[in-house]
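>>> what's the 3D shape of this:
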Amino acid sequence: MIKFFRHIRKKLLSENKFSKYFIYALGEILLVVIGILIALQINNWNQQEQTKEKELKYLSLIKKEMEGNLQSIQLEKGFLLEFLGSLSQLLDVYAKPDTTITNKELSEILVPILSRDMDFYFKTGTLNEVIATGNLKNITNDSIRTILSSISGNLERLRAQETRVNTYISKGSSFLEKHGSVKQIVFDIGINKEYGIPDSPEEISNLSLLKSDEFENVMVYCSLTGGSLNKEYYTVFEDEIHTLIALINKELER
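Here you go, the predicted model:
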């Protein structure tokens, strides 16, 4: 093809047909420019296609990660609701001093309150990679990008509230250690043999806890901070993840 154009150029020059040569040369330049523009457009299409493929890959991975996180927060929320339910029972007993309650019943109420901290497992491996590699800007859906950008800050605030709840759980546990019997609770819920704790011939009452204003105050703070964790953090975060997964599904189905 190049030899063909070169042959025409030489022929026009040899025949002193400068006007035709000029028109021909201009056409040749236009063809080259058009060829370059087409090549650039094809390259641009290829790059866009690669970027879109990468976006869909990341969205798929983020969806899988968030589905796991959704299950995790729902599981932790279940523990929190049990915690709050037991606190409600205990505070009802404080509010009604004439209520008859046995040592074993008190133990069964205290276990969900004092047996574990609030700390749900949240994975951010893919999200961290997307942000660290600068690929967040390639997420074309503004709503998805906004939610992904806000997760880190929201999670940090949620963790701070978990810490507040856990602080009062720890205070309650410490009070029980000093003024009650942890061993009696272990006996009452029937796990002493599982943990190698020998039987005790005498029952040690923890009912004195119900006469303690200090312990009641700690339980009230547990209820206040736990209720806030449920309504203002876990539930809001759960809804946000639901929304994110729904938005990603729409993008993947296009």
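
>>> For the stretch 1-150 of the chain, just list every one of the helices.
Taking DSSP state H, counting those that start in this stretch to define them, one finds helices in the stretch 1-150 of the chain at 2-14, 18-95, 103-114, 125-132, 142-179.

>>> and of those, who's closest to Tyr233?
Taking CB to CB as the criterion, Tyr233 comes closest to helix 142-179 out of those, the separation being 4.5 Å. No exception for glycine: its C-beta is placed from N, CA and C like everyone else's.

>>> Restricting to C-alpha, output the following helix or strand past the closest one in CSV.
On the C-terminal side of helix 142-179, the nearest following helix or strand under DSSP states H and E is helix 182-188. The C-alpha coordinates for helix 182-188 follow below in CSV (Å, rounded to 0.1, in the frame of the first residue of the first chain):
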residue,chain,number,x,y,z
VAL,A,182,-19.0,-16.4,89.6
LYS,A,183,-18.7,-20.0,90.6
GLN,A,184,-22.3,-20.1,91.7
ILE,A,185,-23.4,-18.8,88.3
VAL,A,186,-21.3,-21.5,86.6
PHE,A,187,-23.0,-24.2,88.8
ASP,A,188,-26.5,-22.7,88.1
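
>>> and helix 182-188, how far from the chain's centre?
Helix 182-188 has its C-alpha centroid displaced from the chain centroid by 37 Å (CA atoms, centre = their mean, to the nearest Å).

>>> could I get whichever helix or strand comes after that helix in PDB with only the CA atoms?
Counting by DSSP H and E, the element after helix 182-188 in chain order, helix or strand, is helix 213-228. Only the C-alpha atoms of helix 213-228 are listed here, as PDB (Å, rounded to 0.1, in the frame of the first residue of the first chain):
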ATOM      1  CA  ASP A 213     -27.300   0.700  93.800                       C
ATOM      2  CA  GLU A 214     -23.900   0.600  92.200                       C
ATOM      3  CA  PHE A 215     -24.500  -2.600  90.300                       C
ATOM      4  CA  GLU A 216     -27.900  -1.300  89.200                       C
ATOM      5  CA  ASN A 217     -26.300   1.900  87.900                       C
ATOM      6  CA  VAL A 218     -23.800  -0.200  85.900                       C
ATOM      7  CA  MET A 219     -26.700  -2.300  84.400                       C
ATOM      8  CA  VAL A 220     -28.600   0.900  83.500                       C
ATOM      9  CA  TYR A 221     -25.500   2.200  81.600                       C
ATOM     10  CA  CYS A 222     -25.200  -1.200  79.900                       C
ATOM     11  CA  SER A 223     -28.800  -0.900  78.800                       C
ATOM     12  CA  LEU A 224     -28.400   2.700  77.600                       C
ATOM     13  CA  THR A 225     -25.200   2.200  75.600                       C
ATOM     14  CA  GLY A 226     -26.400  -1.200  74.300                       C
ATOM     15  CA  GLY A 227     -29.700   0.200  73.100                       C
ATOM     16  CA  SER A 228     -27.800   3.000  71.300                       C
END
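
>>> by contact count, what packs against helix 213-228?
Contacts defined by 3 or more CB pairs under 8 Å, 6 or more residues apart in numbering; DSSP states H and E place helix 213-228 against helix 18-95, helix 142-179.
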